[in-house]
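Novice: Build the 3D model from these lines:
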Amino acid sequence: MKTFLEQAAEIHKDIIDVRRKLHSHPETSFKECRTTELIKEVLVRSGIEIVDWGGETGVVGLLKGASPGPVVALRADIDALPVHEENDCAYRSQNPGAMHACGHDVHTAGLLGAAMLLAERRESLAGAVKFIFQPAEEINAGAKLMIEKGVLKNPAVSVIFGLHNWPNIPSGSIGLQSGSLMAAVDTTFLTVKGVGGHGAMPHRTCDPITAAAAIIQNLQTVVSRQVDPLEPAVISFGTIQGGHANNVIPEKVELTGTVRTFNPALRAQMPGWMRSVIDGTAAAMKTEAEFVYRNDLPAVVNPPELTEWCRAPLEKVFGPKGLLNVTPVMGGEDFACFQEKVPGVFFFLGAGDEAKGIKHQWHNPRFDVDEDCLRYGAAALAQLAFDYIGQHA
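Specialist: Just a heads-up that it's a prediction; the model follows:
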């Protein structure tokens, strides 16, 4: 019998075609209507049952084997980003202001490829495979909604696997990491209120812009002076809104930001530490501050025993040298929400190739991947599901 990688090579052009269709027509979170229909078409052609999971976008496919047994879930995210693409290629985005700048088209096409491969071996499966095509990963909402709707039940999922492309490692390899892989994601909302006035007479105002600047600077001491240097942590602000004229000191400034951590205990301490710095700095600048800290996503943590089990199936696809140990990153992923409910492992699929100019990072308007990674991703997901069912039936 041919290997999954050999079979994936035979359908590689089909997987590339699907990926390019997706890339040409990107759709942002909870608007993935055309994407949803394309996924359903491919699954139906492979004889895979479409399960109504209760959402308007996103798809759940179910492949039942020849007999009952473990249920393996394979997950891919399907949404694009509100980014205008700057690549000059035949499959560039035709939707202005939307782009698959994080490679979710790669994940979707790869999982569809895995579905095609596993459908050919359904008679060898003593169990079932759920194919979860999740919407709205980019806004941290899709996984939570699917879980609330019962996507991990009926039939109950035994284990879940997922992957994310990674341009930092070459196509034909996969990054594996036991324990923490991606950070917990929290969002901050800060409003600094002062007394506005003429920019030429700042002494008659309580300047919220100066106070906001001081707060941003002082908050960095939380990481540098209160967090253990051996514990990763990030505090960043991404938006600042305040004022309408160059010579008018405004009444208030609004900021939003993000906090990233791995350690749950450290994560719990961050709001209090930040609030102390914010309130103290605002008071020193004769202003007031309103601060809201929202927990969005837990960290992606791969269980050591299950992660170690994954090595043997992945070596069948990538070879021993193709399995790379990767360091954790501070980016977040709502795959973590699935891991809170069932055992699961998340991987980094090599997608880079410097010689081909494939080097831009996620969320860059020139982001692209080496499409050779598609057959590896499809084969890897199929192999993991097939071997887990075979060994745990």
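Novice: Would you state the strands of the stretch 151-300 of the chain in chain order?
Specialist: With DSSP state E, counting those that start in this stretch, the ranges of strands along the stretch 151-300 of the chain come out as 159-170, 174-176, 179-182, 184-193, 197-198, 233-241, 248-249, 252-261, 288-297, 300-302.
Novice: can you list those in JSON lines and add distance to residue 321, mean pLDDT and mean neighbour count?
Specialist: Using the backbone N, CA and C atoms, a C-beta is placed for each residue, glycine as well. Below are these laid out as JSON lines (distance: least, C-beta to C-beta, whole Å; pLDDT from 0 to 100; neighbours: other C-beta atoms under 10 Å):
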{"stretch": "strand 159-170", "distance to residue 321": "11", "mean pLDDT": "97", "mean neighbour count": "23"}
{"stretch": "strand 174-176", "distance to residue 321": "11", "mean pLDDT": "98", "mean neighbour count": "22"}
{"stretch": "strand 179-182", "distance to residue 321": "21", "mean pLDDT": "98", "mean neighbour count": "21"}
{"stretch": "strand 184-193", "distance to residue 321": "32", "mean pLDDT": "98", "mean neighbour count": "21"}
{"stretch": "strand 197-198", "distance to residue 321": "66", "mean pLDDT": "98", "mean neighbour count": "14"}
{"stretch": "strand 233-241", "distance to residue 321": "33", "mean pLDDT": "98", "mean neighbour count": "15"}
{"stretch": "strand 248-249", "distance to residue 321": "61", "mean pLDDT": "98", "mean neighbour count": "18"}
{"stretch": "strand 252-261", "distance to residue 321": "31", "mean pLDDT": "98", "mean neighbour count": "20"}
{"stretch": "strand 288-297", "distance to residue 321": "33", "mean pLDDT": "98", "mean neighbour count": "16"}
{"stretch": "strand 300-302", "distance to residue 321": "21", "mean pLDDT": "98", "mean neighbour count": "25"}
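Novice: could you dump those to JSON lines with distance to residue 217?
Specialist: Formatted as JSON lines, the strands of the stretch 151-300 of the chain follow (distance: least, C-beta to C-beta, whole Å):
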{"stretch": "strand 159-170", "distance to residue 217": "31"}
{"stretch": "strand 174-176", "distance to residue 217": "35"}
{"stretch": "strand 179-182", "distance to residue 217": "28"}
{"stretch": "strand 184-193", "distance to residue 217": "13"}
{"stretch": "strand 197-198", "distance to residue 217": "23"}
{"stretch": "strand 233-241", "distance to residue 217": "11"}
{"stretch": "strand 248-249", "distance to residue 217": "19"}
{"stretch": "strand 252-261", "distance to residue 217": "13"}
{"stretch": "strand 288-297", "distance to residue 217": "14"}
{"stretch": "strand 300-302", "distance to residue 217": "31"}
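Novice: Residue 9: which of these is closest?
Specialist: Ranking the strands of the stretch 151-300 of the chain by distance to residue 9, with C-beta to C-beta as the measure, places strand 174-176 first at 16.7 Å.
Novice: tell me what that closest one is packed against?
Specialist: Secondary-structure packing of strand 174-176 (3 or more C-beta pairs under 8 Å, 6 or more residues apart in numbering; DSSP states H and E): strand 159-170, helix 304-318, strand 323-325, strand 344-352.
Novice: Would you map the helices across the stretch 1-150 of the chain?
Specialist: 4-10, 12-24, 33-45, 104-119, 142-148 (DSSP state H, counting those that start in this stretch).
Novice: looking at the ones you listed, which is buried most?
Specialist: Greatest average neighbour count among the helices of the stretch 1-150 of the chain goes to helix 104-119 (a mean of 27), per mean count of other C-beta atoms under 10 Å.
Novice: how far is that helix from where the chain is centred?
Specialist: 17 Å (C-alpha atoms, centre = their mean, to the nearest Å).
Novice: So what's the model's average confidence on that helix?
Specialist: For helix 104-119, mean pLDDT is 98.
Novice: Render the CA-only coordinates of that helix in PDB, please.
Specialist: These are the backbone C-alpha positions of helix 104-119, laid out as PDB (Å, rounded to 0.1, in the frame of the first residue of the first chain):
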ATOM      1  CA  HIS A 104      -5.600  29.700   6.900                       C
ATOM      2  CA  ASP A 105      -6.200  28.800   3.200                       C
ATOM      3  CA  VAL A 106      -3.200  26.500   3.600                       C
ATOM      4  CA  HIS A 107      -4.700  24.900   6.700                       C
ATOM      5  CA  THR A 108      -8.100  24.500   5.100                       C
ATOM      6  CA  ALA A 109      -6.700  23.000   1.900                       C
ATOM      7  CA  GLY A 110      -4.400  20.700   3.800                       C
ATOM      8  CA  LEU A 111      -7.300  19.400   5.900                       C
ATOM      9  CA  LEU A 112      -9.400  18.800   2.800                       C
ATOM     10  CA  GLY A 113      -6.500  16.900   1.400                       C
ATOM     11  CA  ALA A 114      -6.300  14.800   4.600                       C
ATOM     12  CA  ALA A 115     -10.100  14.100   4.200                       C
ATOM     13  CA  MET A 116      -9.600  12.900   0.600                       C
ATOM     14  CA  LEU A 117      -6.800  10.600   1.800                       C
ATOM     15  CA  LEU A 118      -8.700   9.100   4.700                       C
ATOM     16  CA  ALA A 119     -11.800   8.600   2.700                       C
END
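Novice: What angle do strand 344-352 and that helix make with each other?
Specialist: Here the directions of helix 104-119 and strand 344-352 differ by 120 degrees (axes from the mean of the first three to the mean of the last three C-alpha atoms, to 10 degrees).
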